[in-house]
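Undergrad: Kindly generate the corresponding structure for this input.
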Amino acid sequence: MSTTYTLDTSTSRANPTPAPMKRLTVPAIQRRKAGGVTDMPVVMLTAYTARMAQLLDPHCDMLLVGDSLGQVIYGLPSTVPVTLEMMAAHGAAVVRGSYHSIVVIDMPFGSYEASPEQAFASAARLLKETGAAAVKLEGGAAMAPTVRFLTERGIPVVGHVGLTPQAINILGSYAARGRSDAEADKIVSDAVALDKAGAFAIVVEGVVEPIAIAVTEAVAAMVIGIGASAQCDGQVLVTEDMLGLFERTARFVKKYENLAGVIETAVKSYSAEVTARSFPSADQTYAPKD
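TA: Numbering: from 1, shown residues only. Just a heads-up that it's a prediction; the model follows:
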């Protein structure tokens, strides 16, 4: 028995509660793919808060504390301005709110590209301050030496190829990648380089489907698709997108619910009751003691 932090949902406060640690491990995820075949696809979603992590955790294998929090939480125009401090704070919250899933934290732009040593310092800080199990970084063959440097020093790494949002200033748009033969070949070779360097999983984002399938077949690592193919070894989406909190989403997003509409309806009712002075009622106020 170990002590982990869980949420008392009746009070919305974190309390230390003895609970058995049943987290999945990186080796357990790796063992799902044997001989190029994955019988049990990896279920992955983003999480940025303890409460959301608590809701997602029983149904996911991996929770990604994505740098997409820059746009989703902070309203930033891209992921580029996201800082290590942001990732550490949200990563710690997600770890506290979960007990089953592997928690992976994105390395923000500028925290790992300069050198393997810089990447190790940033990754070690994130793992120490959050309790997460792995980090994710963007880039292909150019980042392979960094991936090897990290994995050889005990830090599990998830790679990321195809559409890489941190490179938006180079790419110019979030359009799907791999439409030309040269670009398609590079995406596959980038994934192979990351695989050989020791990445245990690779996110393939926003690529034409045949390329996603080719990557999945070419590497031993788990290939997690987002805007890729159902034939990948797993899938990831931004949770707020799939829950319908935003009107505009990428083509590859399936909205499983319309929470924006649910919230709007609830707030409209609250506003009407406050205006009419019907809230709070006797059920929500305190009567004097006799």
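Undergrad: Please name the nearest non-neighbouring residue to Ala199.
TA: Spatially, and ignoring its direct neighbours in sequence, Ala199 is nearest to Gly159 (4.1 Å; CB to CB, 6 or more residues apart in numbering). C-beta here means a position set from N, CA and C on the backbone, and glycine is covered the same way.
Undergrad: Kindly provide the distance from the one you found to Val219.
TA: 9 Å (CB to CB, to the nearest Å).
Undergrad: hey, where'd the helices end up in the stretch 101-250 of the chain?
TA: Applying DSSP state H, counting those that start in this stretch to the stretch 101-250 of the chain gives helices spanning 116-130, 144-151, 168-171, 181-197, 209-218, 239-242.
Undergrad: Gly70 is nearest to which of the ones you listed?
TA: Comparing these against Gly70 with CB to CB, the closest turns out to be helix 168-171 (11.4 Å).
Undergrad: Quick one: list the elements packing against the closest one.
TA: With contacts defined as 3 or more CB pairs under 8 Å, 6 or more residues apart in numbering; DSSP states H and E, helix 168-171 has no helix or strand neighbours.
Undergrad: Give me the neighbour count for Gly131.
TA: 17 (other CB atoms under 10 Å).
Undergrad: Can you give me the pLDDT of it?
TA: Gly131 carries a pLDDT value of 97.
Undergrad: How about the one 10 residues further on?
TA: Per-residue confidence (pLDDT) for Ala141: 97.
Undergrad: begin at 10 from here
TA: In the new numbering, first residue 10, that becomes Ala150.
Undergrad: Look up how far Ile179 lies from it.
TA: 16 Å.
Undergrad: Same check on Gly149?
TA: Per CB to CB, Gly149 is found 13 Å from Ile179.
Undergrad: Look at these two and report which has more neighbours.
TA: Ranked by neighbour count (other CB under 10 Å), Gly149 and Ile179 place Gly149 first, with 21 against 7.
Undergrad: and the spatially most central residue of the chain, which of the three is it?
TA: The chain has Leu73 as the residue nearest its centroid, 2.2 Å off, counting by CA atoms, centre = their mean. What DSSP: H, G, I helix; E, B strand; the rest coil gives for Leu73 is strand.
Undergrad: Perfect, I'm done here.
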